[in-house]
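Enquirer: everything below, folded, please.
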Amino acid sequence: MQQLQVIRLGTDEAVGFAAEELARYLGEATGEQPGVKAADAAPAVEPGGLWVGTFADFGDGLRHWPETGDAALDDAVFIETSGSAGIIAGSNPGSTLFAVYRYLRELGFRWVSPGREGDRVPAVSVEATAVRVAEAASYRHRGICIEGAVSYENVRDVVDWSAKNGFNTYFTQFREAHTFFNRWYTHMKNPFLEPEPFPVERAREFKAWLTREIGKRGMVFHDVGHGWTCEPFGIPGLGWNDYEEPLSGEVTGYLAEVNGERKLWRKIPMNTNLCYSNPEVRRIVTDDIVQYARQHPEVDVIHFWLADGSNNQCECEECRKGRPSDFYVKMLNELDAKLTSEGLPARIVFLIYVDLLWPPEHEVIKNKERFILMFAPITRTYSRAFEAEEALPELPPYDRNKLEFPASVEANVAFLRAWQQMFDGDSFDFDYHYMWDHLKDPGYYAIARTLHRDVVNLADIGLNGLVSCQAQRTFLPHGLGMCLMGQALWDRTTDFDAFADDFFGAAFGPDGKATRAYMATLSALFDPPYLRGEKDSVSEESAAKFDSIPDAIERFRPVIQRNLGCDDPNLAQAWRYLDIHADMAAQLARALALRARGQNAEAHERWVALSEFVQKREMDVQPVLDVFEYVAILERLFPEPGA
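Expert: Take a look at the predicted model:
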């Protein structure tokens, strides 16, 4: 039998990492640790060993590579192996890593959740395998954005997991991502864990480490977004916090005038807009972005967003002469001119969001190659998916600071269409399926279906992918939707049912099919539209559904119990998580049944007991459930009487 050998081509860090990952996982699967060696050039004849590199490393004449729009930006893979010999190649260094994971997937590997406990490693005889794959990704933008409450290890593991599942982008958000780490280390929403101080310097250290993790995988690094409306003026933008320090008269003069006053919007700098008609405001902001791009060449894409507030745009005489989007586009053009003059290549994301949903009336983006449009329909419902065939309504008139934002999918897409008439460049959806809405579907099944349809239909509404703004710990009770997101972004023809069968089999073993049916039942009975507030809160029909949930859980309990002691430690861990989830779901159902009968005081008591149960068990589920988000979202359904 020929000894396994991995040969890497070139010196790129991501290609080297791909070769190391291939050798490591093959070693786990075969019990034989392959060696890794470097080579300067591809073999002229059929190679011995598994050769890893980019299409360019192998040369144009060796194979017919899958076509891509732009090899640097668009991912494609080519795999042709027979036994322990062949080539594993990608259109760029990051694609080469995807090619390695794609090859391993063909051998039976799966990565169902972050961390080693999510690995599913088969026993493999490589000599008995033959793999041929030639694919280009359906979408350019396939990413995850940090949110929620996280430890450094949580985010590191999500970055690692995401590349294994076809994601090519990670977005750290803010300059330091401090607020997300701070929530975990100070244990917000969990009084049963001892908080520890979390200074900004530690967040900066974590971000530097994450930058290296993203870079060594050849992933696209997105950064910042929030903060450009306060940081350039010396006002910290670490999160959505009140700011009590006095502002100078000069800085106050730069703030939006609302109701005759220029001041921080409800004391929160992050939510405060500026006087965008003022050329000095635009100069200060765009100069700061240029400086950031100059100081951070490792960042591929910088997000330039305005304030996170809404209906608080400047009402001064000059600002009233144009929509906020007109002044926004004017700033984008000014920023592009400055970046171009300094030869800085960073691409800039601009967003369609709240007040900026209304497109400009006068200004037009001049250099489409610099910019990426980001559609952020934060007020949409997740009870329905994007559909290209829907008749779209006309846009409501722009009424400064008196806007109502769309909930329906069609109304949101209508705003996108209006922007697309002005800008036909690169674009993606920035969506929130796993920010809040997954917690309104305790079976995590209905939301996975909506997400799948959304991803499939992105191309039909003119978008080139998705960056998911979400909590990172979103794998309790399972990671179907997360894994499906990565796969469908890679291949939009992915069939939901076939993928779900494969996922549940990998995640839960022989009882995977039964687990899938159980999760579908939970999603149907918990009725996510009810939890989203789209149905009457008091409803005997809803109460009856919630009443039936504990019995459905108990019918599945024997399946959980018999799997808790399975020999595979990773499978056993998955079933331990389901055991805890069953307790949580039964308690939530009882609280919701009381709520649906109008017994709010009793429902609140039940919720307090459930929240304490989850808080006390947090360390048992820490990698897979964000307890901060769980409590923050669901407690809104059970307000304390009289509060």
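Enquirer: residue ranges in this protein under the pLDDT threshold?
Expert: Across the chain, residues meeting the criterion (pLDDT under 70) sit at 1-2, 44-47, 60-62.
Enquirer: ok, and for the top helix by length along it, which residues are buried?
Expert: Assignment by DSSP state H gives helix 569-596 as the longest helix of the chain. Buried residues in helix 569-596, counted by 16 or more other C-beta atoms under 10 Å: 570-575, 577-578, 580-582, 584-596. In short, each C-beta sits where N, CA and C put it, glycine included.
Enquirer: what's the answer for stretch 632-643, then?
Expert: Quick answer for stretch 632-643 (16+ other C-beta under 10 Å): 632-635, 637-638.
Enquirer: restricted to helices, list these.
Expert: 632-634.
Enquirer: from those, which single one is nearest residue 261?
Expert: Minimum distance to residue 261 across those is 30.6 Å, recorded for residue 632 (C-beta to C-beta).
Enquirer: distance check, the closest one against residue 439.
Expert: The gap separating residue 632 from residue 439 is 9 Å, by C-beta to C-beta, to the nearest Å.
Enquirer: what does residue 397 give?
Expert: 35 Å.
Enquirer: ok, residue 377 next?
Expert: Residue 377 is 19 Å from residue 439, by C-beta to C-beta.
Enquirer: same question, residue 120
Expert: Residue 120 is 26 Å from residue 439, by C-beta to C-beta.
Enquirer: who has more neighbours, the two?
Expert: Just comparing residue 120 and residue 439: by other C-beta atoms under 10 Å the higher neighbour count belongs to residue 439, 23 against 18.
Enquirer: doesn't that one lie inside a helix?
Expert: Yes. Residue 439: assigned to a helix according to DSSP: H, G, I helix; E, B strand; the rest coil.
Enquirer: just checking, it touches residue 629?
Expert: Yes. Counting by C-beta atoms under 8 Å, residue 629 is a contact partner of residue 439 at 6.6 Å.
Enquirer: residue 315 - how many residues pack around it?
Expert: Using other C-beta under 10 Å: residue 315 sits among 16 other residues.
Enquirer: whoops, residue 333 was the one
Expert: 16.
Enquirer: what's near enough to touch it?
Expert: Counting by C-beta atoms under 8 Å, 6 or more residues apart in numbering, residue 333 makes contact with 363, 365-367.
Enquirer: likewise residue 230?
Expert: Contacts for residue 230 (C-beta under 8 Å, 6+ apart) come out as 236-237, 269-270, 272.
Enquirer: go on, residue 509?
Expert: Counting by C-beta under 8 Å, 6+ apart, the residues that residue 509 touches are 563, 566, 568, 571.
Enquirer: now the first one. Nearest residue, chain neighbours left out?
Expert: Right, residue 563. Spatial nearest neighbour of residue 563, chain neighbours left out: residue 575 (4.1 Å); criterion: C-beta to C-beta, 6 or more residues apart in numbering.
Enquirer: the second one now?
Expert: Nearest non-adjacent residue to residue 566, counting by C-beta to C-beta, 6+ apart: residue 572, 5.0 Å away.
Enquirer: correct me, but that neighbour touches residue 564?
Expert: Yes. Using C-beta under 8 Å, residue 572 is in contact with residue 564, at 6.4 Å.
Enquirer: okay, now residue 410: neighbour count?
Expert: Residue 410 has 15 nearby residues by other C-beta under 10 Å.
Enquirer: roughly how far does it sit from residue 403?
Expert: 18 Å.
Enquirer: ok, residue 37 next?
Expert: 61 Å.
Enquirer: the more surrounded of those two?
Expert: Shown here are residue 37 and residue 403; by other C-beta under 10 Å, residue 403 has more neighbours (17 against 11).
Enquirer: spatially nearest residue to the more buried one, not counting backbone neighbours?
Expert: Nearest to residue 403 is residue 311, by C-beta to C-beta, 6+ apart, at 5.7 Å.
Enquirer: repeat that for residue 122.
Expert: residue 108 (3.6 Å).
Enquirer: check the secondary structure at the one you found for me.
Expert: coil.
Enquirer: number of residues surrounding it?
Expert: 14.
Enquirer: wait, it touches residue 128, no?
Expert: No. Here residue 108 does not reach residue 128: they are 11.9 Å apart, not a contact under C-beta under 8 Å.
Enquirer: how about the residue nearest to residue 122, what does it touch?
Expert: 120, 122, 124.
Enquirer: which of those sits closest to residue 614?
Expert: So of these, ranked by how close each gets to residue 614 (C-beta to C-beta), first place is residue 120, at 27.1 Å.
Enquirer: tell me the contacts of the closest residue to that closest one other than its chain neighbours?
Expert: Among residues not flanking residue 120 along the chain, residue 110 sits closest, at 4.1 Å (C-beta to C-beta, 6+ apart). Taking C-beta under 8 Å, 6+ apart, we find residue 110 in contact with 119-120, 502-503, 506-507.
Enquirer: just to revisit the earlier point, write the PyMOL selection for whichever of the contacts of residue 333 are buried.
Expert: Of the contacts of residue 333, the buried ones go into a single PyMOL selection, burial set by 16+ other C-beta under 10 Å:
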select buried, resi 363+365
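Enquirer: mind putting the contacts of residue 333 into JSON lines with distance to residue 480 and secondary structure?
Expert: Shown next, in JSON lines, are these (distance: C-beta to C-beta, whole Å; DSSP: H, G, I helix; E, B strand; the rest coil):
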{"residue": "363", "distance to residue 480": "43", "secondary structure": "coil"}
{"residue": "365", "distance to residue 480": "38", "secondary structure": "coil"}
{"residue": "366", "distance to residue 480": "43", "secondary structure": "coil"}
{"residue": "367", "distance to residue 480": "41", "secondary structure": "coil"}
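Enquirer: all strands for the stretch 351-500 of the chain, in order.
Expert: Using DSSP state E, counting those that start in this stretch, the strands of the stretch 351-500 of the chain run over residues 371-375, 426-431, 465-469.
Enquirer: tell me the contacts of the residue lying closest to residue 426 once chain neighbours are set aside?
Expert: Nearest non-adjacent residue to residue 426, counting by C-beta to C-beta, 6+ apart: residue 372, 4.6 Å away. Neighbour list for residue 372: 141, 301, 347-350, 425-428 [criterion: C-beta under 8 Å, 6+ apart].
Enquirer: and if you look at residue 477?
Expert: 442-444, 519, 577-578, 581.
Enquirer: how many residues are close by residue 6?
Expert: Neighbour tally, residue 6, other C-beta under 10 Å: 23.
Enquirer: so how far is residue 20 from it?
Expert: Residue 6 is 8 Å from residue 20, by C-beta to C-beta.
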